[in-house]
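> This is the structure alone, sequence omitted:
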């Protein structure tokens with residue numbers, strides 16, 4: 001596991017762009033001083049290989065700035081590749097899950113709102129248990145039910 005001083009000796013980190021740049025070159029000549037570090041993974045994160053170990057760039061950003069790697073780090077704008085320090089926050093698993101993007105199969109455009117026939121159902125997951133909020137004739141009422149539940153249970157981004 002890399003520590004803060006080793007990281008700072010090997011890489012520069014731009015707090016505003018979230019980009020890491022190599023300060024040292026590798027013996028295999030694949031990495032040169034000034035090269036941007038890291039590659040995009042299939043899941044959209046940036047991974048950087050240092051001395052044969054792979055690290056997520058958002059975790060290295062926390063180590064670089066704060067000196068430690070929290071258990072959970074949330075990308076505030078949900079862009080897994082954007083590692084500017086202002087876009088990262090230490091989080092809990094629950095809060096991180098609440099800040100997820102819409103699932104790719106979501107057809108209503110709102111998390112927790114689904115269409116069933118000609119009705120709309122609203123739900124919210126609390127402590128791993130899905131709670132039904134109601135079935136509605138129109139989408140707006142279902143969305144409002146979901147929003148009200150998010151406010152009630154502190155899901156809103158300003159409360160994360």
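Nice, thanks for sending it over. Computed from a predicted model, the values in this text were never measured in an experiment.

> Surely residue 82 and residue 18 touch.
Yes: with contact defined as C-beta atoms under 8 Å, residue 82 counts as touching residue 18 (5.7 Å). C-beta here means a position set from N, CA and C on the backbone, and glycine is covered the same way.

> so what's the residue nearest the centre of the chain bridging to?
Central residue of the chain (C-alpha atoms, centre = their mean): residue 75, 3.4 Å from the mean position. Beta-bridge pairing of residue 75 under DSSP bridges involves residue 88.

> Next: residue 12.
residue 21.

> Just give me the neighbour total for it.
14 (other C-beta atoms under 10 Å).

> Just the pLDDT for residue 98.
pLDDT, the model's per-residue confidence, is 64 for residue 98.

> what do you get for residue 101?
As predicted, residue 101 sits at a pLDDT of 63.

> The helix or strand of the chain with the lowest mean pLDDT: what's the following helix or strand?
Least confident helix or strand of the chain, by mean pLDDT, DSSP states H and E, is helix 93-98 with a mean of 68. Using DSSP states H and E, the helix or strand that follows helix 93-98 in sequence is strand 113-116.

> what mean pLDDT does that following strand have?
90.

> Mind giving me the packing neighbours of the helix or strand that that strand is followed by?
As assigned by DSSP H and E, the chain's next helix or strand after strand 113-116 is strand 119-126. Counting contacts by 3 or more C-beta pairs under 8 Å, 6 or more residues apart in numbering; DSSP states H and E, strand 119-126 packs against strand 113-116, strand 129-136, helix 139-152.
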